[in-house]
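Colleague: Could you work out the structure for the sequence below:
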Amino acid sequence: MNDIKDNLIRIFSIETGQGGRGSILWTNPQYLYQPDGLAGNLLFEEFEKWKNTKCEISFREVVKSKWIKIGDHGLTFIVRFYDNGSCREYNIFENEISWMGSWKITNGILIMTVKNCDLYIITNRLGIIHSGIEIDKEKNEPVAYYKIIHPRIFQKLKNQGNEGLKDG
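Modeller: Numbering: from 1, shown residues only. So this is what the prediction gives:
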């Protein structure tokens with residue numbers, strides 16, 4: 001079974017150039033804790049530094065908002081989150097196609113479930129582009145890495161200037 005820490009390690013493997021989908025961290029996230037010696041310690045230290053660039057998300061940030069999901073497999077979606085824990089996902093180019101799902105926040109991580117997939121979203125402390133890893137629950141394996149943008153933030157940034165428009 002996939003857990004939050006495993007999925008954070010998978011996101012880390014992509015965002016820090018550890019090999020992404022080709023990395024042992026993608027297929028076996030627990031490998032992070034196995035290497036011995038200096039290389040193993042440096043990798044673990046890099047993971048801890050990377051985690052410090054992330055932050056928890058709140059219920060208020062999620063509800064009644066639309067988010068854009070851009071997958072590394074070429075698919076892009078718009079997701080609308082509702083305060084009752086449900087969500088609706090739309091194909092960005094075919095709005096008539098949509099799927100209902102659910103969402104929850106666990107340990108500050110937004111977990112969205114649509115059909116047989118869970119998407120674990122971790123927010124970026126340093127910018128507006130967040131990260132996610134989608135897991136096929138039936139196969140118990142990662143499907144895609146996502147960049148997630150919360151469009152409502154653009155109005156806030158417009159009022160403040162362009163500070164905060166950093167990729168992460």
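Colleague: can you give me the helices in this structure?
Modeller: Using DSSP state H, the helices of the chain run over residues 4-15, 24-27, 37-51, 59-62, 153-160.
Colleague: what's near enough to touch residue 83?
Modeller: Under the criterion of C-beta atoms under 8 Å, 6 or more residues apart in numbering, the neighbours of residue 83 are 59, 63-64. In short, each C-beta sits where N, CA and C put it, glycine included.
Colleague: How about residue 147?
Modeller: Applying C-beta under 8 Å, 6+ apart to residue 147 gives the contacts 69-70, 129-132.
Colleague: Identify those among those that sit within strands.
Modeller: 69-70, 129-132 (DSSP state E).
Colleague: Least confident of these?
Modeller: Within these, pLDDT reaches its minimum at residue 129, with 90.
Colleague: So which of the ones in strands among the contacts of residue 147 wins on neighbours?
Modeller: residue 132 (25 neighbours; other C-beta atoms under 10 Å).
Colleague: State the distance from it to residue 43.
Modeller: Distance of residue 132 to residue 43, given as C-beta to C-beta, to the nearest Å: 22 Å.
Colleague: returning to what we had before: let me know which of the helices of the chain is the nearest to residue 109.
Modeller: helix 4-15 (5.5 Å; C-beta to C-beta).
Colleague: buried sites along that closest one?
Modeller: Across helix 4-15, burial judged by 16 or more other C-beta atoms under 10 Å covers 6-15.
Colleague: Nothing else from me, thank you.
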